Structure formats: structure tokens, C-alpha cells
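In: how would this look folded up:
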Amino acid sequence: MFRCSAVWLGAAALLCCAVAGPVMADIMVLDGDDVSDWARVLSTSSWKHRDACLHPNGLLKFDLDWKWPVLEILDAKLYLFVEKTEPGAAIELWHVQDDSWSYGQSDPEDLWNWPVWHSIGVIGFADTASFSMDVTQHLREELLARDATFSIKITAAGNPYPDIRISSPLAPIQRMRPRIVVEFVGPLATPPVPDLAVSTADLRLAPMRPAPGDSANLQAWVRNIGPGDAWNVPVSFSDGPPGLGQPIGTAVVPHLPAGGGTAAAAVSWTAVRGLRELYVTVDPQNTIGETDETNNSDFRSFLVADREAGTDVIENVESFEYPGLRAWHTDFDVPKQFTYPGPKSFYLNRSGAEAYHGDYSLEMFLDGTADDGTLWIESAVPVDPYRWVDVEVDFELFRYYADIAFQPVVAVSVLDPEVERDFTVLPVGPQVGWTLHSRDASLFTGPYDMVHVAVGLTVTWETPGTFYLDLVRTRAIPKTVAVDLPAATGARSTALLSNGPNPMGPLTTIAFRLAQASPISLRVFDTSGRLVATLREGTEREGFHEVHWNGTDDNGTAVPSGVYFYRLETPLEVERRKLLLIR
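Out: Reported below is the predicted structural model:
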């Protein structure tokens, strides 16, 4: 849900504004920070709250808490991003009139059958992409009703539903998250003031995988989503929460233009071993008058691990020797009344009853009431975007009895696993005691900078059992840039790859691979076919290449928001892909 504040005006207020003076048009972007609730409903008895993706049948609610009074909505577009889809799959978006649903107060069956008002539209997909739908009339209806929320529902035809992942407000890249862009008319008031913002996805570390003691560049993209310019904006960084953690440094952004101006602030940091929560805070002393101070600080977790001598290999080992919160996940159908303080069907606990290494391991107990589901824990290792990476996963699993109703599973992906089909089941016989299980995978990271690794158990029928997990080891081994795609992907040796991020803001990276040294040209065109920019022209070596585009033409002039095409030409072939630029 998106949040718009102090917006709804009665007829008297509208008349007052009309008499008092002129009006002005303005634009507001309601992004992931303005979403208050969402739920992914898998069935009438299973759902996930605030998950990393949306899926038919899903619900999303925007709190309309706008920063300025609104007299009239001129235009409104809803933007969503499809991370994964089946060819020919389609979804339908619905306007929901009854906004009283919530994950904490509604049963999954109620969420599944939650009534819709009228259709926003139907859209089909052939590939991952960003798409938009016009919601002008729907927001006008909310304005007329003086309703402070705007709910939508996502459905799809078919049983089972097609395998579609739509990015939620927790998506790893800012521009993949749901947002609404609204053009509205409001009264001409006091001089406009800025609204500074930063989010988790705006934080970057270079290199992304520093070893302890390495010097790294900590960078944050700072945005001004308000109607007024901001000057000399201080941006502070800390290892831990502001005021409590260790200060890293402060940078100053000279100018942030109104209406979405973006700039990078960066400081140098000496990496410290462990899982670090690095914070960025914009205007820490509140010296710049803003319309909203609530979105000025955020953090991102970075793993700083030892690197093998002379290599870029990152290794992460979890031995459960130290207490701490372990994030567990499951796709079991657990009734709502059993989800707090803990689910009835299973529990996870750091235990000293059995241990392969040291004194503790992770105990996984199932009481036999769960059927046909998967239980797992997750971790993530940092990687460089647009690289092929070999990932090796090893873990020790202890079982008291030779019961094969439980199978060990592993998932390795740039996207976090969601359901049982995302996992690989490891072959296992009727073994007792500690057994080493391994899984090797090779994947292309694309625009992502983390590889998610999950290990656990899948249950094929109702059977009780107690298991212990220990010494989970993950190694990420970057390949050389000239490596070819695996033959199993069916990809050609020469290929134009997806740009990232897409949608892009001030900068995007376009990657391509050549089977052999060849003359090439890499150019950007608008939708009319007009040449916008030539990014690379000449003879290039064999292997992997990256080119950056900052959204300007060949004269250095910023081009407007919209759809563009980038095209790779060689003597043997021509490939074209689409990107979306959002200012």
C-alpha cells in the first residue's frame, strides 16, 4: 500500500482554494517506503506476509498519506516488475474497495476470496520486465470517497497458477519495487521544500566482497523526491545504528534537484570481519527543512569474510556455536492459530544435544502434523554483478533413525527460494548419525550482488523426527570473465545480456559477450528508431564486456524518461533488448 498524507479535502476546502488563488501541477512518486501492507496468498490455507515477492493471488495496499493537499488528480501510473514468468502467462489487477484486510487479522481463506471492486487491467508476459498500468480513475475514486488507502489484488487464470514472481517492496533493487507516479493539482502555497530519501537498495560496497582489513568504498544514492531543491546535503555513514555504532565518515552532496534528483555520496571504510549492518543517514542533524524526515536513514547487511589467499573466493561457515537469530522459512500449511509464539508442527532451536563441530548444532524437530512441505534456513554471500560464479555448499546432517521420509534439500540462486520446487533434493539412503551432503552449482549473477543459499529438509508424508544441522559451508568462486555460458542454457557464445538495473535511474550497466574478437557497435535508440547514443564502436576482444550508460545522448544532454532499445551489431548478427529509463 502506498501512503499519501493530508490529502482529502471537502467541497468547502476546494472552493476556498479555487477562490484564494492560482493552482499548480506537481508530481509525486509513492515508492516502497509508502507501502504499508502486502500478502502473498498461496492457497485458502497458506499465505506469506511481507514476502520478497508477490504472486497471484496477492494483495497490496497503499496508504494515501500525501504531503500536499490535492485538488485534482491529472494522471497516475502503477509500476510493477516481473522477476520470473512462464511464456504466455497473464495476470489481472483489480481495484479493491474494502481496505480492511490485513495479514494479522485475516484468515488465508478470507484473503484468497477477498472481494474486488473492478478491474484495472489484464497484461501478459513473455519475459521479465517492468510494466505500468493507468490507475488515474481508481485514485480519483479514492479521492472522491475521501479514502486514505488504495488496495489492489493480483490474480491469474489457471489451476495451478502460472509460475509468476512480481517484485514486492522488499525487492533487492529499488526500481523493481512497486510504485505509483501521480501528477496532481494543488494550491499554490509556501515555497517548495525538499524531501530527502534513501533506502536499503541504494547502498553499495566496492568491492562487494571485501576481506577483513581491505579498504572499501561505501556508496549511497541519495534522492530528493520533494518539490524543492536541496543544497549541501550532509550524508553520514556508520557501522551500526546512528549514535550507537561506529562512525565511518560523512560526505556532502552539493545539490539535489527537486522532483527525483539523485546523487551519490561515498566514504572510505576499512572492512571488519563478520556480518556488518552499515547505515546511511541523510541530513543527520535535521539542518535542511523537509516535508518528511521519516525516510532519511536505512541500512544494509554486508558479509565480510576471509578470502582464500591469492583468489577472489569467499567462504562463509555457520557452526551454530554462538547464539543469535536464525532466519527459518517454510512452505508448510501451518494454521494461523499455531503461528505465534511458534508453529505447532515444528520448531528450530540451537542445541547441545548433538554437534558435529564444537558444542552446538541447529536442532530441527517435526511433530508429524506437517505434510508435504519444506523447512529451511537461509544465508547469503556477496558476489559481483554480471559474473559467472561457481558455488559449493556442504553441510552435516544428523538423524537418529534410517527414516527416508525426510530428504535433505539445497537451493542456490540470486533470488531467495520460496517453495519446494525451488530446491534440489539430495539423494540419501537409510543413513544414521552425521552425514556430509554437498551441492555444486554454477550461475550467472545478472544485476544481483548476493547469492542466496538455503539448506533444510523436505517431508514427503506425516512423520515425526528430530534432526541436527551443523557446519554449513558456502564457497563462492568467481569465474574468469571470458567463460562461456553452459551448453545446458542453450545460449549462443555471442550474446547481448540484460542491463541492470532495469528500470534504470541515473546509470545502468549493459553487458555483452563475444565468441571471438570482432568489430561491433553498441547503440541506444528511442521507440521511433532515432539514434540516441553510441556506447561502443570498433573492434573488441573475445569474452565478456560491460558498458555504462548514464541516460544522455551523444551531445551529453539528458534524455527524457521512457522506453529505449540498445542494439549490439556484429558482422554475423544483430541483437536488441529493451530498457526503461525513469528520472
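In: Please name the nearest non-neighbouring residue to residue 245.
Out: Spatial nearest neighbour of residue 245, excluding adjacent residues (Cβ to Cβ, 6 or more residues apart in numbering): residue 238 at 4.4 Å. Every residue, glycine included, has its C-beta placed from N, CA and C.
In: so residue 507 makes contact with residue 550?
Out: Yes - under the criterion of Cβ atoms under 8 Å, residue 507 makes contact with residue 550 at 5.3 Å.
In: Any stretches of the stretch 101-250 of the chain with poor pLDDT?
Out: 103-106, 158-160, 172-174, 186-191, 200-202, 208-209 (pLDDT under 70).
In: Now do the same contact list for the closest residue to residue 260 other than its chain neighbours.
Out: Nearest non-adjacent residue to residue 260, counting by Cβ to Cβ, 6+ apart: residue 583, 5.7 Å away. Neighbouring residues of residue 583 by Cβ atoms under 8 Å, 6 or more residues apart in numbering: 260, 505, 551, 558, 560-561.
In: do residue 299 as well
Out: By Cβ under 8 Å, 6+ apart, the contact set of residue 299 is 200, 203, 241, 277-280.
In: ok, the residue nearest the centre of the chain to residue 42 distance?
Out: Nearest residue to the geometric centre of the chain (Cα atoms, centre = their mean): residue 171, 1.5 Å. As for residue 171, its distance to residue 42 is 19 Å (criterion: Cβ to Cβ, to the nearest Å).
In: Quickly note the distance from residue 119 to residue 30.
Out: Distance from residue 119 to residue 30, by Cβ to Cβ: 21 Å.
In: Which one's more surrounded, the two?
Out: residue 30 (25 against 12; other Cβ atoms under 10 Å).
In: That one and residue 139: what is the separation?
Out: With Cβ to Cβ as the criterion, residue 30 and residue 139 are 10 Å apart.
In: any common contacting residues for the two?
Out: In contact with both residue 30 and residue 139: 180, 182, using Cβ under 8 Å, 6+ apart.
In: Could you list the low-confidence segments of the stretch 451-583 of the chain?
Out: If you take pLDDT under 70 as the line, the stretch 451-583 of the chain has these spans: 460-463, 480-493.
In: Specify the beta-bridge partners of the residue nearest to residue 245.
Out: Residues in a beta bridge with residue 238, per DSSP bridges, are residue 247, residue 279.
In: contacting residues for it?
Out: Taking Cβ under 8 Å, 6+ apart as the test, what residue 238 contacts is 245-248, 278-279, 281.
In: just residue 94 next, same as before
Out: Counting by Cβ under 8 Å, 6+ apart, residue 94 has contacts 116-120, 152-155.
In: is it possible to export the contacts of residue 238 to a markdown table including distance to residue 268 and neighbour count?
Out: Output for the contacts of residue 238, formatted as a markdown table (distance: Cβ to Cβ, whole Å; neighbours: other Cβ atoms under 10 Å):
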| residue | distance to residue 268 | neighbour count |
| --- | --- | --- |
| 245 | 17 | 16 |
| 246 | 14 | 10 |
| 247 | 13 | 14 |
| 248 | 8 | 18 |
| 278 | 13 | 20 |
| 279 | 16 | 24 |
| 281 | 17 | 21 |
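In: Next, format those as CSV and append distance to residue 228.
Out: Listed next are those as CSV, based on distance: Cβ to Cβ, whole Å:
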residue, distance to residue 228
245, 31
246, 34
247, 29
248, 29
278, 29
279, 26
281, 20
